[in-house]
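Colleague: Predicted coordinates and the sequence they were generated for:
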Amino acid sequence: MKKLFGILCLVLSAVITYANPIDFDKAFRESAMIESQIKKTSFPDRTYNITDFGAKPDTPNDPCHEAINQAIVKCSLDGGGTVVIPKGTFYTGPITLKSNVNLHVSEGAILKFSTDQSLYFPAVLTRWEGIDCYNAHPLIYAYGETNIAITGKGVIDGQGANENWWAMCGAPKYGWKEGMVAQRNGGRERLLMYGETSTPIYKRIMTPEDGMRPQLINFYSCNTVLIEDVTLLNSPFWVIHPLFCESLIVRGVHVFNRGPNGDGCDPESCKNVLIENCIFDTGDDCIAIKSGRNADGRKWNIPSENIIVRKCFMKNGHGGVVVGSEISGGYRNLFVEDCKMDSPELDRVIRIKTSTCRGGLIENVFVRNITVGQCREAILHINLQYENREKCNRGFTPIVRNVHLKNITSEKSEYGVSIVGLGDNDHVYNISVEDSHFNNVSKNGNSITGAKDVTLKNLYINKKLVK
């Protein structure tokens, strides 16, 4: 009898309802309107080959970033065009992209970034895990630029590995040993303290000894951005990190990054974003939407909003499409459709993570037509008690509402829906899953606590209708 009725395992603090179906067609018509507002990049028909500025292939001891940056500056000053990385292997240090420049990595080209940490200092203005600071120059960086792109079928390799960048996370499994530089030696803790005490940003200067690894691509306060077709490998830290950007397209990109904190694409406080036809195989979340951590996120109070994800393939990662955890500025309007996710090392399909440190309002999430081979934990996971041991100012209760899934099929997971709310039902509500089939669910159903108005309609778990 217990097995018969165990198909739906619900904690009593959850309230389950059976409301009318959500109008997904209307929601995705709204996403089409959002997409039409995304500005498209356009470049003059001028090309600048980096070899004309002194760049040479196959010179690992003589990186050519000065030549690449000279080509970029010249191109921008001339009114824009395309800077070409030709076929061959080019070793480089940090690159700074300028307005009206398309950095084109040709098919057969490999751009390999030096692991000499000293090249990435002096520090530049950025964010690190949602905290404003001056830190190592991202491998490719832009600040306040308009109409910029990274395109081409070539490879951009951050050369992250246990022998260099990754060991700085401080975990022995990534190569860290006693006496090595690492964020765990006080750098990360000091940065978090800066955020909690509202230390002025100009005083938050991180050094090489802090071991705070740079992003592969960080575009800060940029408008009209395209990243298309390139393969991005082995980032020291997050791979694509747009911050305070508007009108961003990430299309046809292949991300492979199994390093620590190896998120694939993290739009932070960004508006009007399209991510499509991409492949993510990561050591952390595949796509993670953010809007600042704790006091810094609340200070800026700029939510991420209007993000479309479609026709992507997620392999390894902590989550397929994720909101949080650095989400203190809030989030609204996410549209995910026609994606495939499949790996025993993929923990969750749709993940929302926040806490009473973060706060924030997360709302209007629409997901449909997702095929899941397998994931480790849950198809939908909402957690309002993420990192409960974090040292922070608490009392900023988050709200998650209007999260809707339709036509999701999965062949293996522990749970279907997993929700961990707070001590009441008031902070997670209006959640629905309909017309979906979750097979081989090992925990026999869902685990839901601290939520209300959870609608389960035509949901089959292990081929049995949830009632």
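Modeller: Nice, I can see it.
Colleague: Show me the strands in the stretch 251-400 of the chain, by range?
Modeller: Using DSSP state E, counting those that start in this stretch, the strands of the stretch 251-400 of the chain run over 254-257, 271-276, 279-282, 287-289, 304-310, 313-314, 321-324, 331-341, 348-353, 361-372, 378-383, 399-410.
Colleague: Need these in TSV (columns: mean pLDDT and distance to residue 186).
Modeller: C-betas here are computed from N, CA, C, even on glycine. Listed next are the strands of the stretch 251-400 of the chain as TSV, based on pLDDT from 0 to 100; distance: least, Cβ to Cβ, whole Å:
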stretch	mean pLDDT	distance to residue 186
strand 254-257	98	26
strand 271-276	98	35
strand 279-282	98	27
strand 287-289	98	26
strand 304-310	98	30
strand 313-314	98	35
strand 321-324	98	26
strand 331-341	98	31
strand 348-353	98	26
strand 361-372	98	32
strand 378-383	98	28
strand 399-410	98	34
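Colleague: Can you lay out these as TSV showing mean neighbour count and distance to residue 232?
Modeller: Below are these laid out as TSV (neighbours: other Cβ atoms under 10 Å; distance: least, Cβ to Cβ, whole Å):
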stretch	mean neighbour count	distance to residue 232
strand 254-257	24	5
strand 271-276	22	13
strand 279-282	24	10
strand 287-289	29	13
strand 304-310	23	17
strand 313-314	23	15
strand 321-324	28	18
strand 331-341	22	19
strand 348-353	27	22
strand 361-372	21	23
strand 378-383	26	26
strand 399-410	21	28
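Colleague: Which of the ones you listed sits closest to residue 447?
Modeller: Ranking those by proximity to residue 447 (Cβ to Cβ) places strand 378-383 first, at 8.0 Å.
Colleague: To residue 55, which of the strands of the stretch 251-400 of the chain lies closest?
Modeller: Across the strands of the stretch 251-400 of the chain, closest to residue 55 is strand 254-257 (Cβ to Cβ), at 24.2 Å.
Colleague: what does the closest one contact?
Modeller: 158, 160, 216, 230-235, 239-240, 264-265, 278-283, 286 (Cβ atoms under 8 Å, 6 or more residues apart in numbering).
Colleague: Please name the strands paired to it in the sheet, noting orientation.
Modeller: strand 231-233 (parallel), strand 279-282 (parallel) (DSSP bridges).
Colleague: what's the offset of the longest one from the middle of its chain?
Modeller: Which is strand 279-282. 11 Å (Cα atoms, centre = their mean, to the nearest Å).
Colleague: can you check the shortest one too?
Modeller: Distance, stretch centre to chain centre, for strand 231-233: 15 Å (Cα atoms, centre = their mean).
Colleague: Quick one: mean pLDDT over that strand.
Modeller: For strand 231-233, the mean pLDDT works out to 98.
Colleague: still on that earlier bit, in TSV, list the strands paired with strand 254-257 along with distance to residue 125.
Modeller: Putting the strands paired with strand 254-257 into TSV (distance: least, Cβ to Cβ, whole Å) gives the following:
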stretch	distance to residue 125
strand 231-233	23
strand 279-282	26
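Colleague: what pLDDT does the nearest residue to residue 187 once chain neighbours are set aside get?
Modeller: Distances taken as Cβ to Cβ, 6 or more residues apart in numbering place residue 210 nearest to residue 187, at 2.8 Å, with adjacent residues excluded. You'll see residue 210 listed with a pLDDT of 97.
Colleague: mind starting the numbering at 43 from now?
Modeller: Happy to do that; since the first residue is 43 now, the last one works out to residue 252.
Colleague: ok, now which ones touch residue 252?
Modeller: By Cβ under 8 Å, 6+ apart, the neighbours of residue 252 are 223, 225, 227, 228, 229, 230, 232, 233.
Colleague: what about the first one, distance to residue 252?
Modeller: So that's residue 223. Going from residue 223 to residue 252 by Cβ to Cβ, to the nearest Å gives 8 Å.
Colleague: And for the second one?
Modeller: With distances defined as Cβ to Cβ, the gap from residue 225 to residue 252 amounts to 7 Å.
Colleague: hang on, residue 99 in a strand?
Modeller: No: Residue 99 is assigned coil when assessed by DSSP: H, G, I helix; E, B strand; the rest coil, not a strand.
Colleague: contacting residues for residue 465?
Modeller: residue 492.
Colleague: Residue 349 touches residue 375, doesn't it?
Modeller: Yes: Residue 349 lies in contact with residue 375 (Cβ atoms under 8 Å); the separation is 7.1 Å.
Colleague: so how far is the first residue of stretch 382-394 from its last?
Modeller: Using Cα to Cα, to the nearest Å, the end-to-end distance of stretch 382-394 comes to 19 Å.
Colleague: Identify the residues contacting that stretch?
Modeller: Residues contacting stretch 382-394 (Cβ under 8 Å, 6+ apart): 327, 354-366, 378, 404, 407, 409, 412-425, 442, 445, 447, 450, 452.
Colleague: mind listing the helices for the stretch 93-242 of the chain?
Modeller: In the stretch 93-242 of the chain, the helices defined using DSSP state H, counting those that start in this stretch lie at 107-119, 229-238.
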